[in-house]
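Enquirer: below are the sequence and a predicted model; questions follow.
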Amino acid sequence: MDPWLVRLDHRSSSYSILSTLVVVAVVVGVVYQTGLLGWALGLFGRFTRWGIRSGFGLWERTLSWADWTVYAGLSAALLVVGALVADDQPWVALACAVVTLVMGLASCLAYMFIDIERYEVERGRKAVHNPTKGQALATTLARYGHRVGLPLLAVATASVICGFSLLNKALYETVGERWYRVEDDGEPGFVDFLAYALINLLSLVDVLNVADSRRLVHTAFVQKAMWPAAVLLAAFRSFFTLVLLQQVFASVRQGRILAETITDFWSPHESIHDRARNALPQFGVAAISPLLVSLRQMDSLTKEQRDRLPQVLAAIGPSTVPTLVEHLTDPHEHVRAIAAGTLGLLQAREATAEIAAAVGDASDLVRLSAAEALGRIAAAEVKAERARLVKRPRHARRRWHLFGRPRHETGTGADPLALAVSALQKALGDPLAAVRCQAAGAIGRVGAAAVGAVAQLVPLLGDADETVRCRAAETIGEIGGPAEALRPCLDDPSAAVRAAAAAGLKLLGGDAKPVVEKLVELLQDRDEAVRTAAADAVAAAGPLNGDSTTKLAAGLASADNVVRAQTAEALGNVGAAAEHAAPPLVEALDDHNDVVRAKAVEALGKIGETAAPVAVPGLVKALRDADSWVSALAAEALGEMGDGAGESVVTALVHALRHVNPQVRANAAEALGKLGPAAAWARSAVERAAADEDGPVRAAAVRALGGLCEPTPSTLALVRNAIRDADPLVRAAAAAAVGSWDRPGDAVLDDLLPLLRDANDDVKVQVASVLPRLAGATGPVIDGLCQMLAEDDSALVQGCAAIALARLGPVALAAGPTLLRAAKTGEAGVREQAVRALVMIQPPEAIEGFTAGLIDPSGDVRVVASAGWIKAATVPPDAAPALVEALRDPEAQVRANVAFALSRLDELPPAAVPLLVECASDPNDGLRLNAAVALQLAPPDEVADLMDHLLDDPNVRIRLVAARAVLTRSPGNERGVAVVTAASADPSPRVRQGAEELAPLLVAQVTAPPEDPLPVPALSS
């Protein structure tokens, strides 16, 4: 009897196999076309992602505190205990096996979860630090990336294999003895089941069977005998084959790519180096140690490499801090120096103690990098001093540092600012001049908070190194040190030191009064940089006294032409503070040297109206100077005399309108325009100048006509002719003149309208700023501005057109489509102004423009667009997803505006609640306030802890918002009542009004919450 159910010959077998394959292909095609295959694959993908997320969640809750070494120790302990008691206490061994297996699976899945985020960072979808618009923050990678790497994956893999082996041994000893087949009925141990797992995992069963059948090697090993063992083995092999091995190979491949990228980073070829430099941050924390270790192979680093490498490492983000701190003790000086420099760029306040210790390092490079890093950290601490007063909500999860302390604390628990300043003071005594200079500069960045370092800085003013002396002098000014300490530096042989000392005294302002007389001497210094710095310092110190003025003016009597000119120039640089020096400057107007006269005239103009009583006669005389440049400057200076200019000045300027030099004529016309109504009687002379043959003279005269009160018919005729002048300067001046009048007349405005299409950009800009205000929102004006916005090739002109439309306000609704297009497609500045115009006009297209603006690449555009939601008549519910996404914006102002917009919704989207809670702990007052206002729409139980915390907020308005929420939830709450009671006595009327509106909530019954007592849009358009 044939034992086979079906017996086929070779030909039939071939056709049958091929036919079966065709049928299978057809079935797969049908399943694919009907969507069943996609549905099945999607279901499998969702199940896989759920499994990975669940495994990561389990690891995060139970094992995220342990690095791979601790994890290896725990796994080994469980395996040893289980293996030892497997024969006598199999249920204990079973428990150890399950725990070990679960730990291994969770760790492997955690690696896979974080590796997915690494891939998203590599692709640019996420960033571990400073995400740009469109990127999400890779928070998981930033928190755990340094802990979850190949070492953990390797240990977890071994844990899974050994745990599976122990599981089979324990099952054999308890309920599954018949599940397995053992040759000769022997008693298998843990090692036998470990071999069983590896043999089946590596598919060695067939190889061993072949070797046995050929009588090469006879092996006896555990084999599956029943379906439960087969199911366990299939699940085990599937996990490794389909999931874990793929991750292992991907990790090895990534490691090889990282090694090649680091090699390329040190390439001398610029293109290769730049490509590697841009790629390294994508590897995240994993790139830190290999890159720093590669420094050990370098005999030396160039200055450019030392500056560039910390920037590359810092681009990875704050998640690198623990690794960098570990490398501060590296035996190689380059590694320590780069690590310190990177920590400074990251402003890693938690590493302040370790960096401060590096100030005493034996390496010059390390001490230099440490001093620079401490300066950056200390300066950041000063800026963040206000922000640190804001506490995080009690319910917010605290993130703990690798070394077991909160991230917001330093290694010693000391104040990072005090620690940094103390270390920098120590560095001021460093034997290396570069370190002393760097330390002094770092203290200067700290500012007044480091005033205690003056005692260490003063000795550096006598340092042998010139650069150190310069930096110390500037720093004393930056931290508000004593002015007298800088007096000796004003006599330093080095011009650079003298200039630095003067620059430091400028920063002291009025506190530099005691050394003003010495600064006055420097106004005649041979070096121009010294003279300029001294003049700035004198001006900052305030008006000169009589003695100082006399001393300074003495230079005007020098026999040296250069000294006299420099003295006059210095007095001009001092400005209004040198008003007592006007008489000697007037005398200098008669100097035989034209340069001296020109500098004296210019100085009198800079001193301004306070010098008019003394200066006017001399300046009038200077209008007739033999040197045309002196005359031109005199005309300009007379225009600065203001009310001190009498009829004689106007007369002199009228005469100057006929000067042979066009620059003198133009300056005279401009000066008459500045004098305004006082020069109105000279109108006819200015009108004649408006017909001058020289274009700039005509332009100055036409512009001046705009300042001489309201126009006469002759003036209007001249200006209308100027509108059609061939010179664009004249046309622009005509538009400016028309803009100076209140009622220029319809005819003039009709003449201006074609200039919206002028060939010259300056003309169009001037007309766009004038015409809408005078003509209003007429159809031709709106059409002309829209045409400018849509068709002009100049971003400046387009921006001015958008600004002009915004000034027209809601009556310019017809401009909506053009503004929307510009808001989406224009240059960044044009987009900003177009969105701003949409805010002011509120056309139907505004909502679409605001939504598009929230995802604009420009932060300025996003700020204005988010403010648009504040001013919008309503916030439609379908805008909620875009607003919620904008709560992740890197700009605090955008988040603040969006939070307020969300508070205008009838119902707060659930996805917005956690983001608003995070915003409510931000250092920015406006953001916290608006987030608190919006969270009043959230379910009370979800924000109860936050509102309780905000009752202690430093900002009284935020406390009031929190009190309203607390009292609404819990009438009579003592802390809420205390906040309202204190606010009722606040000096601010608005705060008191808000407290009065909350008074009904002080009674012990629930009432409906009133409107926000202090609605605060975070940005006014």
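Expert: Nice, thanks for sending it over. Numbering: from 1, shown residues only.
Enquirer: now do the contacts for residue 491.
Expert: Residue 491 makes contacts with residue 498, as judged by C-beta atoms under 8 Å, 6 or more residues apart in numbering. All C-beta atoms are positioned from the backbone trio N, CA, C, and that covers glycine.
Enquirer: hmm, try it at 10 Å
Expert: Contacts for residue 491 (C-beta atoms under 10 Å, 6 or more residues apart in numbering) come out as 497-498, 501, 518, 521-522.
Enquirer: any buried residues in the helix or strand residue 540 falls within, and which?
Expert: Here residue 540 sits within helix 528-541, counting by DSSP states H and E. Within helix 528-541, the residues scored as buried using 16 or more other C-beta atoms under 10 Å are 530-541.
Enquirer: dump it to PDB, restricted to CA.
Expert: Provided in PDB are the C-alpha atoms of helix 528-541 (Å, rounded to 0.1, in the frame of the first residue of the first chain):
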ATOM      1  CA  GLU A 528      42.200 109.600  17.900                       C
ATOM      2  CA  ALA A 529      40.800 106.500  19.600                       C
ATOM      3  CA  VAL A 530      41.900 108.000  23.000                       C
ATOM      4  CA  ARG A 531      40.300 111.400  22.200                       C
ATOM      5  CA  THR A 532      37.000 109.700  21.100                       C
ATOM      6  CA  ALA A 533      36.800 107.500  24.200                       C
ATOM      7  CA  ALA A 534      37.600 110.500  26.400                       C
ATOM      8  CA  ALA A 535      34.900 112.600  24.800                       C
ATOM      9  CA  ASP A 536      32.400 109.900  25.200                       C
ATOM     10  CA  ALA A 537      33.300 109.600  28.900                       C
ATOM     11  CA  VAL A 538      33.100 113.300  29.500                       C
ATOM     12  CA  ALA A 539      29.700 113.400  27.800                       C
ATOM     13  CA  ALA A 540      28.500 110.500  30.000                       C
ATOM     14  CA  ALA A 541      29.700 112.300  33.200                       C
END
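Enquirer: would you map out the domains in this structure?
Expert: The chain breaks down into these domains under automatic domain parsing: 55-249, 298-412, 428-542, 869-1002.
Enquirer: ok, then the element right after the biggest helix by length in the chain?
Expert: The longest helix of the chain (DSSP state H) is helix 90-122. On the C-terminal side of helix 90-122, the closest following helix or strand by DSSP H and E is strand 126-127.
Enquirer: name the residues that touch that following strand?
Expert: Under C-beta under 10 Å, 6+ apart, the answer for strand 126-127 is 117-121, 134-142, 281-282, 284, 315-317.
Enquirer: could you redo the last one with a cut-off of 8 Å?
Expert: With C-beta under 8 Å, 6+ apart, strand 126-127 has contacts from 117, 120-121, 135-138, 141, 317.
Enquirer: turn those residues into a markdown table, including distance to residue 200.
Expert: Below are the contacts of strand 126-127 laid out as a markdown table (distance: C-beta to C-beta, whole Å):
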| residue | distance to residue 200 |
| --- | --- |
| 117 | 33 |
| 120 | 35 |
| 121 | 37 |
| 135 | 44 |
| 136 | 41 |
| 137 | 43 |
| 138 | 38 |
| 141 | 35 |
| 317 | 43 |
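Enquirer: are any of those buried, and if so which?
Expert: 117, 120-121, 135, 137-138, 141, 317.
Enquirer: farthest pair within these?
Expert: 120 and 317 (14.6 Å; C-beta to C-beta).
Enquirer: hmm, back to that, out of the domains of the chain, which is closest to residue 795?
Expert: domain 55-249 (20.6 Å).
Enquirer: roughly how far is the closest one from the heart of the chain?
Expert: 44 Å (C-alpha atoms, centre = their mean, to the nearest Å).
Enquirer: quick one: average confidence on that domain?
Expert: The average pLDDT within domain 55-249 is 83.
Enquirer: stretch 561-573 now?
Expert: 79.
Enquirer: show me the contact partners of it.
Expert: Contacts of stretch 561-573 (C-beta under 8 Å, 6+ apart): 523-524, 531-532, 534-536, 539, 552-553, 555-558, 578, 581, 585, 588, 591, 593, 595-596, 599-600, 602-607.
Enquirer: hmm, try it at 7 Å
Expert: Identification of contacts with stretch 561-573 by C-beta atoms under 7 Å, 6 or more residues apart in numbering yields 523-524, 531-532, 535, 552, 555-556, 558, 578, 581, 585, 588, 591, 593, 595-596, 599-600, 602-603, 606.
Enquirer: mind checking which of these are buried?
Expert: 523-524, 531-532, 535, 552, 555-556, 578, 581, 585, 588, 591, 595-596, 599-600, 602-603, 606.
Enquirer: circling back: which ones among the contacts of residue 491 lie within helices?
Expert: Short answer: these in helices (DSSP H) are 497-498, 501, 518, 521-522.
Enquirer: which members of the residues you listed are the farthest-apart pair?
Expert: 497 and 521 (15.1 Å).
Enquirer: those two: who's more crowded?
Expert: residue 497 (25 against 16; other C-beta atoms under 10 Å).
Enquirer: which ones are touching that one?
Expert: 466, 469-470, 473, 489.
Enquirer: which of those fall within helices?
Expert: Among the contacts of residue 497, the members found in helices (DSSP H) are 466, 469-470, 473.
Enquirer: what about the stretch 401-550 of the chain, any weak spots by pLDDT?
Expert: Low-confidence segments of the stretch 401-550 of the chain (pLDDT under 70): 401-414, 544-546, 548.
Enquirer: surely residue 65 is within a helix?
Expert: No - read with DSSP: H, G, I helix; E, B strand; the rest coil, residue 65 is coil and lies in no helix.
Enquirer: quick one: it from residue 651, how far?
Expert: For residue 65, the distance to residue 651 equals 89 Å [C-beta to C-beta, to the nearest Å].
Enquirer: show me which of the two is the more surrounded one.
Expert: Using other C-beta under 10 Å as the criterion, residue 65 and residue 651 rank with residue 651 on top: 15 against 12.
Enquirer: could you check the pLDDT of the more buried one?
Expert: At residue 651, pLDDT is 86.
Enquirer: what's it in contact with, if anything?
Expert: Per C-beta under 7 Å, 6+ apart, neighbours of residue 651: none.
Enquirer: helix or strand for it, which one?
Expert: Going by DSSP H and E, residue 651 is part of helix 647-656.
Enquirer: now do residue 843
Expert: Residue 843 belongs to no helix or strand, assigned by DSSP H and E.
Enquirer: now do the helices in the stretch 401-550 of the chain.
Expert: Assignment of helices within the stretch 401-550 of the chain using DSSP state H, counting those that start in this stretch yields the ranges 416-427, 433-446, 454-457, 466-478, 495-508, 516-522, 528-541, 546-553.
Enquirer: check the stretch 851-1000 of the chain too.
Expert: With DSSP H, counting those that start in this stretch as the criterion, the stretch 851-1000 of the chain has helices spanning 859-871, 880-886, 892-902, 912-919, 925-935, 940-950, 956-969, 974-983, 989-997.
Enquirer: hmm, who's touching the shortest one?
Expert: This means helix 880-886. 851, 854, 866, 869, 894, 898, 901-902, 905, 909, 911-912, 915.
Enquirer: repeat that for 10 Å
Expert: 136, 850-855, 862, 865-866, 869, 875, 894-895, 897-899, 901-902, 904-905, 907-913, 915-916, 934.
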